[in-house]
Every structure is written in structure tokens, then in C-alpha cells.
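Engineer: Return atomic coordinates for the entry below.
(2 chains)
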Number of protein chains: 2
Amino acid sequence: MLGGAAVHFSLAASFFTDVRPVGPVGDDFGAAEFEVLEGRGVQTGDIERVEGGQSFFWRGRYEYDLNVAHTEDTQLGVFGEFEPKLSTEAKAADTLFLANIQPDLQRQVRAQCEAASFSGLDSMNLWIDTAKDSLLAAISEVDCLIVNDAEIRQLTGESNLARAARAVIERGPRAVVAKQGEYGAALFTPESFFALPGFPLDDVRDPTGAGDSFAGGFLGYIDGHDGELDEATLRQAMGYGTVLASFNVEEFGTERVSKLSREEIDERFAALHEMTQFEPLPVR
Amino acid sequence: MLGGAAVHFSLAASFFTDVRPVGPVGDDFGAAEFEVLEGRGVQTGDIERVEGGQSFFWRGRYEYDLNVAHTEDTQLGVFGEFEPKLSTEAKAADTLFLANIQPDLQRQVRAQCEAASFSGLDSMNLWIDTAKDSLLAAISEVDCLIVNDAEIRQLTGESNLARAARAVIERGPRAVVAKQGEYGAALFTPESFFALPGFPLDDVRDPTGAGDSFAGGFLGYIDGHDGELDEATLRQAMGYGTVLASFNVEEFGTERVSKLSREEIDERFAALHEMTQFEPLPVR
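Structural biologist: Numbering: from 1, shown residues only, chains lettered A, B, ... in the order given. Predicted coordinates:
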């Protein structure tokens, strides 16, 4: 079914700002798939349709508690030959998300978006294993690394997450987001630490795309936010990332997020706030 | 070295209230070990010293990220023949913690503490596998289950943690604390959900006893707190549990907590508060 990092990210970010995904699709990505994106106002002009090609395909299964995914099949399809050439509009983006793909491709896109004042990057263990130097170069060129906590450890060779995040920050990014599945997400900056639990849900149908929906809520809110990108804004962005990820997993594929409203998002943001607050000054 | 659930719990709780551990030790538990407890004001009158016996012993190793423990050796020692007989003072306790041990023993202690207005219980996968009915009976007799999240899933046969916690609450407890290692801890009640991340540390030396130190901070604060045991108090107790667990892991055994001050605890509580707060009302 419809999925992929760019799709999940774009739908999530569309509630906060204008979104323009860049990437190739095949013949199997037709009017119905475009309609899911365009129905949320996503600008599809930089989606390149390759005649006779097949869209990127992933199939996997999850362990009992849905925290661990096992890949059963990956087909690069049209991504195998992709050379990103961004439109003028895409190049003018204020905020950039480099979704998980070969890091040389990420760097090519990054180089074409000189105007971006805030950029985030996702990656995975495959690229740490097979293209580490290129990935480290890509990371040094972005403002925020957004990956799973185990990947931050693997990337830096540092088992302690706080140290590992600092080692990433020393390479350039001013923020590191450690995604932790149902446990939530943590934000490291040079001066601060912040963490949120995953939003508790009675029914989790499909975790696929949750990380990209998190990134979409997080970076979408940052892009849509007026004023300085301060710690308070980053924390709220973490809240929106958490909320969008939680909606993502309630149904398969894009089913839930494509039907979502901003009111539902803000309601859940308020509920998340209530679930994480406690009194600062205990009576002795 | 010195350890064990009752020791870690007692030291942590001693910063908030009077603590009286109940349990047997062997000849190897001598003046130096008593001094660690008594140095923190722990009342040792219900620690039963068995002549010629050997104290409970555990040895294990941890995985790379310190989240998973593997047992290498367990020797029950004097716990093999233990029959709890509580002193008048112990029986009068307002707050009771049943540390992880065979659930029939937990029930015997629970039955002797009729005065307790709040009781917590820890357990482990071993008892779910070998004494499930007894464990379920023990759980139905306490106010709060405090176990690892995977154990809540295993106990209830429910992969979703929110549903699993509700299934526990339906058996009697009015609260469930899911311990999640470095990811923190979550509190479920019939009406609410609350979660805190683990306190971020640059150096984690030894996770052994962290869960018991959490329980000590949590229940110790509850016992020492004046007034109603409301949601706000439970949340603050979660904060103190988190803080005590974080100190526990900074050094081996009881080294860090036995030298701790209430000022250090309150400072870290305030830092934890700062790390978890965010603005509720984003500008649209």
C-alpha cells in the first residue's frame, strides 16, 4: 500500500506549512496516490514519474510488541538511478528534510537547497554500515539529525546516548532527535535535554512511517512557526512530532493521517501536555 | 558486593521516610553491610541473620547499551527457607513494598501488614513463568504494581502496554508503574497516564538495583508526603523514583546512593522538571 518516507513526512507536515516532496515514482504511483497527497495540499511538482519504472517498495514484519521491524523485501526501483534536480520552488525552501536514502543523494539535495535555514536528516543502519563517511559528511551539513537511538549509538560507537548525541553535535548539527519507538523521543542540544513519551494508544495497527510522521510534525511545525527557533519552539515541535507519529500508527499506511484535522492534532497535543506535567516544588 | 532489592530500596526511601526492611541474610552480611543501612538511618531490626547461612547472591552481565541484563548465577541462600515473621513495628507500616521474590512470600508479608494504606509490588518473568496464579493473587492484594514494561505484557498476554496496564488495574491495583530502563517510567491509573524519561547521564556504571531505587524513591516519597495521595503526588513520586534510580546507576552497588544528600536529590528533581516541560498553547 501507499507509504514511503516522503509520503508520510509530507502528509504530517501539511498540517503546519506548505510541503513539496522531491523524489521519483514509477507507473504504479498513479492518480489515486497523487490524490492522497494533493488532498492534503501537498505540492507534487517535484515528484518525478519514471515511465516503465517501479516505485520504491518495502515489506517487513514487526515483533510482538511492535518495537522491532524486520525487513522481508526491499526493492529500490526508480530510486536506483535517481539524480535529484530540484525546481526553483523546491530550492527556495526555508526548511529541508532529507529522508532516509543513500547519503550521497541526501548531500546532492542539500547542496541544491542553499536557502534552507533549518535542515533535518534521517538515516538507518544500512548507510552506517555501507556508506559511513558519506553519511558523516551529510550529517555535518544539516542542523538536526533525526534517527533512532540505536543508530546514534552505532554511528558514534558510543554506547551512552547522551555522549553519543554530543559526539554528533560536535560534527555540526545543533540538535539531535533520538526516536525511541513507543518510548517516545528525546531532543539533545548543546545546552539542553528534553524528552517526551510516545502518546499512549489502545490500538496500534501499523508502526510503518511513524518516524517520518514524527519528522513531518516536528519540521512542519518549525517551518510554520513565526519568530525565533528557540528551545521552547523546538520542544513544541517535539510535541507535534509525537502527536503526528501517534496518529500515523492508528491505521495502516496513510489511512489515518490523510483524514486527520488540525483540531484533532491540537486536542492530542493538549492531552500530551497534560500527561507530562508535574509540580515542581514539593512540600518538604 | 552489597546489593539486593531490599538494600537498594531502603537506601533510596531513607531520604523521605523511616524504612524497615524485612528479610534474611547470612554470615557474609556483617557489620560493614549493616553500617551502610544504618548510616542512612534504616531500621535493621527485621533483618534476620541466619547463622551459617549465605545471603542471596546474583551475578549477571549487561548488553552493550546496558538495557538488557543476563543472569549468570543466582543463589537463593537463606531465602530458600525464609518464613517472614514481622515485628510489631514492621506490621504497623503505612506503606509497604513487596520486593521481587516468590509471590507466596510476598503474600505472607502482605497479610501481616494490614495497616498499610498503600502497597507496591515488584516481580519478574521467573514468577510469571513458574508461579503465575500466586503472583496474580499477590497483585490483586496491592495498590500498585511496579515492574518492567515487558513483564506487564507477559503477565497479561497483551502486547499493547496501555491495554496490558488496564488489565492489571482490573485485577485490583489502582496504579501500575511500567519501568522502562533508560527510557524512563510510565504511570497508569484508571483515569490517567503519566510518563517521565530516564534522567540523562554521561556515565552509567551499573544499572543493578535501579528499579529498586526507583521504587524506593517512589514509595518513600509517597510515605513521607502529608495529605491525600492524589495524582499530583503520584507524579512527583514518579519524579523522585526517576531521580533515585539515576543516582543508583552512577556507581557500582550502593556506592552513590549511600553518600547522597537530599539537596542533590532535590536539585536533580528540579533539573528533571526543567527537562520535561513545554509550552501548552502554541501560537497558530
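
Engineer: in the stretch 51-200 of chain A, which spans are strands?
Structural biologist: A:57-62, A:69-75, A:95-98, A:118-121, A:144-148, A:175-179, A:185-188, A:193-196 (DSSP state E, counting those that start in this stretch).

Engineer: What helices and strands are in contact with the longest one?
Structural biologist: Put plainly, it is strand A:69-75. With contacts taken as 3 or more CB pairs under 8 Å, 6 or more residues apart in numbering or on different chains; DSSP states H and E, strand A:69-75 sits against strand A:57-62. All C-beta spots, glycine's among them, are computed from the backbone N, C-alpha and C.

Engineer: rewinding a little: rebuild the strands of the stretch 51-200 of chain A as CSV, extending it with distance to residue B:182, mean neighbour count and mean pLDDT.
Structural biologist: As requested, the strands of the stretch 51-200 of chain A are exported to CSV (distance: least, CB to CB, whole Å; neighbours: other CB atoms under 10 Å in any protein chain shown; pLDDT from 0 to 100):
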stretch, distance to residue B:182, mean neighbour count, mean pLDDT
strand A:57-62, 22, 12, 93
strand A:69-75, 21, 11, 91
strand A:95-98, 27, 26, 98
strand A:118-121, 24, 22, 98
strand A:144-148, 14, 25, 97
strand A:175-179, 11, 25, 98
strand A:185-188, 10, 26, 98
strand A:193-196, 11, 23, 98
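
Engineer: who wins for proximity to residue B:210 among those?
Structural biologist: Residue B:210 lies closest, by CB to CB, to one member of the strands of the stretch 51-200 of chain A: strand A:193-196, at 17.1 Å.

Engineer: okay, the strands of the stretch 51-200 of chain A in JSON lines with distance to residue B:153 next?
Structural biologist: Below are the strands of the stretch 51-200 of chain A laid out as JSON lines (distance: least, CB to CB, whole Å):
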{"stretch": "strand A:57-62", "distance to residue B:153": "14"}
{"stretch": "strand A:69-75", "distance to residue B:153": "18"}
{"stretch": "strand A:95-98", "distance to residue B:153": "33"}
{"stretch": "strand A:118-121", "distance to residue B:153": "32"}
{"stretch": "strand A:144-148", "distance to residue B:153": "21"}
{"stretch": "strand A:175-179", "distance to residue B:153": "21"}
{"stretch": "strand A:185-188", "distance to residue B:153": "21"}
{"stretch": "strand A:193-196", "distance to residue B:153": "22"}
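
Engineer: Tell me which of those strands lies nearest to residue A:221.
Structural biologist: Taking those one by one with CB to CB, strand A:95-98 is closest: 9.9 Å.

Engineer: For that closest one, give me every contacting residue.
Structural biologist: Around strand A:95-98, the neighbours that count as contacts under CB atoms under 8 Å, 6 or more residues apart in numbering or on different chains are A:9, A:13, A:17, A:106, A:109-110, A:113, A:116-122, A:138, A:142, A:215-216, A:219, A:222-223.

Engineer: any idea how far chain B is from residue A:26?
Structural biologist: Taking CB to the nearest CB, to the nearest Å as the criterion, residue A:26 is separated from chain B by 35 Å.

Engineer: and the nearest residue to that residue once chain neighbours are set aside, how far is that from residue A:23?
Structural biologist: Leaving out its chain neighbours, the residue that sits closest to residue A:26 by CB to CB, 6 or more residues apart in numbering or on different chains is residue A:53, at 3.7 Å. Per CB to CB, to the nearest Å, residue A:53 is found 12 Å from residue A:23.

Engineer: confidence score at residue A:279?
Structural biologist: For residue A:279, the pLDDT comes out at 93.
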